[in-house]
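Asks: no sequence on hand, only this structure:
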């Protein structure tokens, strides 16, 4: 993420927003193009036990879950590329079709909806794509009293730290039910915003240094790029905060008091994220000001340079032009003497005198410009 | 919608806003000038049956509707150009005169009003006019418990996708009553905003490329044009969102719970549209900044060019002027020798020497400008 | 309201705001300077009857009103210039002194106050003054259950359209009581805003054309003028909307349900007015941007012109200066030959050669500038 | 308050904000430095009687007030410079120490606090200081059911108009109890804002004229000065409005219904003041735009001038340089004829011809510049 | 904090925000790197007694506190660098782990949380770091009904003034219980903002003077620096105000009525702080405007200078070039007389005449520039 040299700017091309053509039936389940085949992993645990199983078919899930209903079950699905799979999922867990459509659209803002028997929660994960560019990926949760379904469309293990905590039985995560797990998953997404903020902060710091020292042709593009990033980031963080606020205010029995207590902490983090994003936006706006004034300043430098050079040489050129005039001192043709015509030219020290005058003039002007400060400053 | 070459700008001339002269009686029904003669189509359906009929006269509608009251009836009217027709309509369906006036004015913001026995809903459809310009067309609905009247003033089939779904009996549209149909119609209007957003996004992307590479005389007009589009679009989307929010909060029996559940989804879409519009507005503001700084940068380029040329030649011109002076070395008239006067002129390598000095000066200056970066950058 | 040629700007000088000196007793009734003598017209009507009478003295009103209490009475007063008259008026109709003070101050924002037995409503009428300048005039209403007092300080017949509707018994105005008449009067004031909006819209359109084509010295003043107009207009429209909202929310028995239903329509119009004003404000801000960038662009043009001329002639001047040097080829005094000194001067085609070189240089530079685009664009 | 000539700007130096060092005990009563010794005047009145007495010691007040408890008592104190005095005051009237601290700090925002048995109200008076600069002075009221204490720290008679109304028994002021007097005092402070607004309006008008005609070096300072004034003024007016709103909403028995009715009028005035201040702020922002564009315009003028002069003389200088070249027509040393070398010099009308060419060129260029409009505009 | 000479700007590098890696268990207690070892001091007091003791181990605290439960105990902890210490603390006083995590993170916004039996309050102290830079330090309080734990991570005695008041038994601090002590501690933090405001105010004043007189290369950096400071400061003050508002609205029994009454005063101070910060922000924005216009003005100065010099010398250079032409008056080779060719050269007063003409021209131009005002203004 170095600032100088190569353009940081890759322009965050606006993505397609909705796959289904206008006016088509709602709740229409279509797998987005280019999405991955779903992989399902079932994690079942309580304070004492933890089992993980990769599941091939959805119907195979039901007996596994039914085996020990006292366990908390986390059904972790990665990949959206199977229409039939998601129709089955909707049927198996009595999920509303509209919500499955939301899962598959991949472009939902963070939101929460309470449905009968479960909560539907969407979040957006920030990740770095191959080319060092920010990308945001939708993650959806169906939160039931005793189980969680999490869905996202990439092979990355977003929730590795949570899985580690489960495996190592750290903290209270194995003892606190499904809603605490839900909190842990949401929290890990929000926590993930901080490294991005830090990276953006460093980038803005570097950019400011660059702008104050030596703005180049990429400066403007970098400012624009960070502006766009912040617009995107702000939209996500703002919705995330609203979502958490909604969950905290809704008296749903699905979220336990303990999980709610911790979620309040996550909510505080989103406020903190928003605060910092807003500061960064103000700073980005300042950077634009600095850039614009640097453009003006450089124009000033150029003009000062031109003025100094011109002002020094224009009078000198006048003087040498003066003694290039051909006024006739002694008209050889007529023998007429015209002693007033350019007697300087006939003086043995005339040339030296002109040099003297010119040198004095130059020195005076340099002194003048020096005092005006047009020479010293870089 | 290409950016360079021809101006995108067609200026969205402000339209006339209200036809009736100030102070005239409210509820005054006057057909707007240039509007089309109304065409009526009656679509009656339930889960099993679907009939379509073009109706000539309004009174003919009543028996058709009365034929089977268990069906849902959709009365699709296209064209506002018949005062008497709308007076009859008001009488037949007990519609308030003020609302018919709103229908005919054609300039209502999206809004909803609950009247006795029906809901009055206005929306605005976005369409591309012939010359690739955005135009918004008013669509009004009267939503009764068992029938819907939809009215707009152009021959385009805005609702073809909904009609197809009805014909093909796709989804739950034929089983869910009039209010679900109402939802489907409103949703198809909001869905229609997305292609426009996408097009605007592509346009802004192209425009930014154009501005960073080679801003031309149309750049400014294009920025202004997209600003105006977004002002217009935002006003419509904002009212649309408010309208949907009003419907969702109002506990009217006309909207069934199912339709309401789906309408919440449409409401989410309007929030998404607003989000994107606001991002686009910020980006448009950035584009203006880029444009202004590009103007300054070009001035810088021009000035640097002038400065480089002037600075190289002004000292040279001084030097050649210097040796154009006529100081007398040997006064032929008096025979006086003045060896200090311009001895350089009498040196066999004087001319070559001057050339040498000048070439060295030019090289030094070029090196100086090169180091200052005034030569390299485009 | 043409844009070019003469300045549109007349600066909307800020008016005196409050006549009474600070600290003077409230409810102090003083007629504003330069205001007109009050003229009173009494219009009494019901669905069948309508009488109009010009009344000379206020006490004469009472028996006229008492004559047939079943009629609706509209007391239309034009002119504020009689302190005693308004004191009598307050006494006759039990109006609070503070409200009479508000009537006479002439600078109230649109507002509504409910008093015992009547509502006190102020509005602001927009009118064009002689010199094509916008002026706003205060109109106040005292709305009683069975009569209305309307007061404004100019001879213009603001309410002619309403009077016509009364005379011609059009619509429901003669059948719907005093509060419907109140609605009609308020509505005619709001309706009157639309022609102003349209005129402002046309003006902004013209101004944008003017700015994009050929900004002149009046452009800036015109932008400022429309900004000021919009500030003024917005203040009025905003208060008007708030006032109507207040009336609609207050459950006063004075406004009948029918009038209230219609007033909601007027309220919608004020929202529409606000929407448009806000769009216009954004467009005016854009115009300022266009103006500023046009100033920069013109500077660019000037600088390009100077640079082209300078760059073409400065090297040429150097060349002719070069061959104006006096290096001695053959020293006549000493007979010394110095063949390296300026042999070009002694070449028979030297002069022609110099011309050739200069012409080639000029052509090359013109080609260079042409490719850089510094010649073609206007 | 003339605009040109002398700078209006005196910079409103930020004042010290809190005298007590951080962490010191609250309710600590310390007299501010440089404040005046308190002077007490007791005014007692009812509809029939009015007595005024200057009181020397606070304890002397109590019997005077006790003399006739049916009267309303106004204790008008001017001067904060006596710590002991205010400690006594707090004890005598059971005033909370924190409020006495607020009185003495002199930097409270307008606010109201209801305490047991009285209301504590602070306002800020605007006054012109000696050097024509705006200054705001704190005025505090303790409003009891039957008496008022007013305190401010300068000798000016802020409330002379109210005292006159009391003396002359004008209006209802002598008949309406302590809370009406409280209203009258607060109202006189708000009324006092209007002359300041008017003066600022005139100033802005003058400034705009000045900017459009001939901006000078003080223009920028004047704009900044009016911006600062408006920031200060807005802060005061906003708090004043909030304070009045608080009083109106609080159902305290201390404010009688009559006084409350009148206070609503004062509240309306603060809304009006805020409206106007906000307009002025927008206008001040416009003035900055005008100033900046005037700076650019002047640069344009300078550059046009330079370009015209340069463009006229540079080609001429080239031409005269051309004929200053020394190409040899007839080599006297060798007798060689070189007829192609500068034959113009040997033409009898050569000199006249050059003059002719130069005059034609100048005329053409002047015509060109005239058509481009670079000559005509001032 | 002088403005000129050295850059004020030290750029407030963005700090690391959260120590724990994303997704790690919440309530994880880790001591921040580089933090100090905790030092504990126990202050126990009532109106009559006050004892201070430095405590080595936390378990040693319990018997000391239990000794006399009627006393108020203040446990003042400085230093965060001991994980185990804080785990013990959480256990001893039944503090929630999440709150201990907040204490140790060191980056909480000011907030209040009510837990069972205590209130958890975070504040941010502003202090000057070694290099005259603003730094903010987190201070956290656990407020129990009869004791307070205060924690911060530096050796500075933030609360010396409060300790002095306790020692000297000034005011009511020893008589008013733990919550009044809590108020006193929070108040001393808010009080501490005022010297910073004052310093910023002075800085802005100096900066404005500097900008209006002689902006230098540090001006821009100073403006940016004060902008960043204000962004930081505002964020802190805003949260502080919200926190106090939360405390005031929450009807917790932990805060006594007396303490609440005083806290309202502190709340007023935060409002005042916010007011001033917002004014400063507006002023900083103005300073940027002044800076930008000063850059433009300097360009104007440079261009005027160049134009004056060029305009004076360019015509003179033309004239002297004119008489440097070699038109032949008398062709010695052919004996031809060409009297029209440059007769001026053969006039005995030709040279003097040219000087005369040139001097007149220079005087005229100087007069012209003087009248245009291009010479006089600095």
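Replies: Cool, the structure landed. As the structure is a computational prediction, the values presented were derived from the model and not from experiment.
Asks: chain center to stretch A:266-282: distance?
Replies: Computed by CA atoms, centre = their mean, to the nearest Å, the chain-centroid distance of stretch A:266-282 equals 14 Å.
Asks: hmm, it touching chain E?
Replies: Yes - judged by CB under 8 Å from any CB of the partner chain, stretch A:266-282 and chain E are in contact via A:268-269, A:271-272, A:275-276, A:279, A:282. For the C-beta atoms, the positions are set from N, CA and C on the backbone; glycine is no exception.
Asks: now do the strands in the stretch 101-250 of chain A.
Replies: A:111-115, A:118-128, A:134-143, A:147-152 (DSSP state E, counting those that start in this stretch).
Asks: neighbouring strands of the longest one in the sheet, and parallel or not?
Replies: Same thing as strand A:118-128. Within its sheet, strand A:118-128 is paired with strand A:111-115 (antiparallel), strand A:134-143 (antiparallel), according to DSSP bridges.
Asks: deepest of those, which one?
Replies: Of all those, strand A:134-143 carries the top mean neighbour count, a mean of 21, counting by mean count of other CB atoms under 10 Å in any protein chain shown.
Asks: what lines up beside the least confident helix or strand in chain A by mean pLDDT in the sheet?
Replies: One helix or strand of chain A scores below all others by mean pLDDT, DSSP states H and E: strand A:330-331, with a mean of 83. Here strand A:330-331 is paired, per DSSP bridges, with strand A:336-337 (antiparallel).
Asks: mind checking what helix or strand follows the strand it pairs with in sequence?
Replies: On the C-terminal side of strand A:336-337, the closest following helix or strand by DSSP states H and E is helix A:350-372.
Asks: same for that next one, what does it pack against?
Replies: Applying 3 or more CB pairs under 8 Å, 6 or more residues apart in numbering or on different chains; DSSP states H and E, one finds that helix A:350-372 contacts helix A:257-322.
Asks: close to chain C, is the helix it packs on?
Replies: No - applying CB under 8 Å from any CB, one finds helix A:257-322 out of contact with chain C, separated by at least 8.8 Å.
Asks: may I ask which of the residues of stretch A:266-282 next to chain E has the most neighbours?
Replies: Within those, most neighbours by other CB atoms under 10 Å in any protein chain shown means residue A:272, with 23 neighbours.
Asks: excluding its backbone neighbours, what's nearest it?
Replies: residue E:109 (6.3 Å; CB to CB, 6 or more residues apart in numbering or on different chains).
Asks: from chain B, how far off is that neighbour?
Replies: Shown here: residue E:109 relative to chain B, a distance of 26 Å by CB to the nearest CB, to the nearest Å.
Asks: now swap in residue A:160 and tell me
Replies: In terms of CB to the nearest CB, residue A:160 sits 31 Å off from chain B.
Asks: right, and the residue nearest to residue A:272 touches residue E:122 too?
Replies: Yes - applying CB atoms under 8 Å, one finds residue E:109 in contact with residue E:122, separated by 7.3 Å.
Asks: and the two? Which one has more around it.
Replies: residue E:122 (24 against 19).
Asks: how many neighbouring residues does the residue of chain A found nearest chain E have?
Replies: Closest to chain E within chain A is residue A:161: 2.7 Å, counting by CB to the nearest CB. For residue A:161, the count of nearby residues is 20 (other CB under 10 Å).
Asks: what pLDDT does it get?
Replies: Residue A:161 is assigned a pLDDT of 88 by the prediction.
Asks: show me the contacts for the nearest residue to residue A:274 once chain neighbours are set aside.
Replies: Distance criterion CB to CB, 6+ apart; nearest residue to residue A:274, sequence neighbours excluded, is residue A:237 at 5.4 Å. Counting by CB atoms under 8 Å, 6 or more residues apart in numbering or on different chains, residue A:237 touches A:193, A:270, A:273-274, A:277.
Asks: do the same with residue A:59
Replies: A:88, A:92.
Asks: look up how far residue B:180 lies from it.
Replies: 32 Å (CB to CB, to the nearest Å).
Asks: about what we covered before: most surrounded residue in the contacts of residue A:237?
Replies: Neighbour-wise, the contacts of residue A:237 (other CB under 10 Å) top out at residue A:193, 25 neighbours.
Asks: from chain B, how far out is that residue?
Replies: 18 Å.
Asks: spatially nearest residue to residue A:70, not counting backbone neighbours?
Replies: Nearest non-adjacent residue to residue A:70 (CB to CB, 6+ apart): residue A:46, at 6.5 Å.
Asks: looks like the one you found contacts residue A:73 (just checking).
Replies: No - between residue A:46 and residue A:73 there is no contact under CB under 8 Å: 10.4 Å.
Asks: between these two, tell me which one has more neighbours.
Replies: residue A:73 (23 against 13).
Asks: that one in helix, strand or coil?
Replies: Look at residue A:73: counting by DSSP: H, G, I helix; E, B strand; the rest coil, its state is strand.
Asks: got a list of what it touches?
Replies: Applying CB under 8 Å, 6+ apart, we find residue A:73 in contact with A:42-44, A:65, A:146-148, A:178.
Asks: bridging across strands, which residues link to it?
Replies: Counting by DSSP bridges, the residues bridging with residue A:73 are residue A:44, residue A:147.
Asks: pull up the gap between it and chain B, please.
Replies: Residue A:73 is 27 Å from chain B, by CB to the nearest CB.
Asks: what's the pLDDT at that residue?
Replies: 94.
Asks: residue A:10 now?
Replies: 43.
Asks: same thing with residue A:38?
Replies: 91.
Asks: for residue A:177, same thing?
Replies: At residue A:177, pLDDT is 90.
Asks: mind checking how far it is from residue A:256?
Replies: 6 Å.
Asks: hey, what's the nearest residue to residue A:196 once chain neighbours are set aside bridged with?
Replies: Distances taken as CB to CB, 6+ apart place residue A:126 nearest to residue A:196, at 5.2 Å, with adjacent residues excluded. Counting by DSSP bridges, residue A:126 is bridged to residue A:136.
Asks: for burial, what's the neighbour tally of residue A:126?
Replies: 18.
Asks: and if you look at residue A:247?
Replies: Neighbours of residue A:247 (other CB under 10 Å): 26.
Asks: thanks again, I'm all set now.
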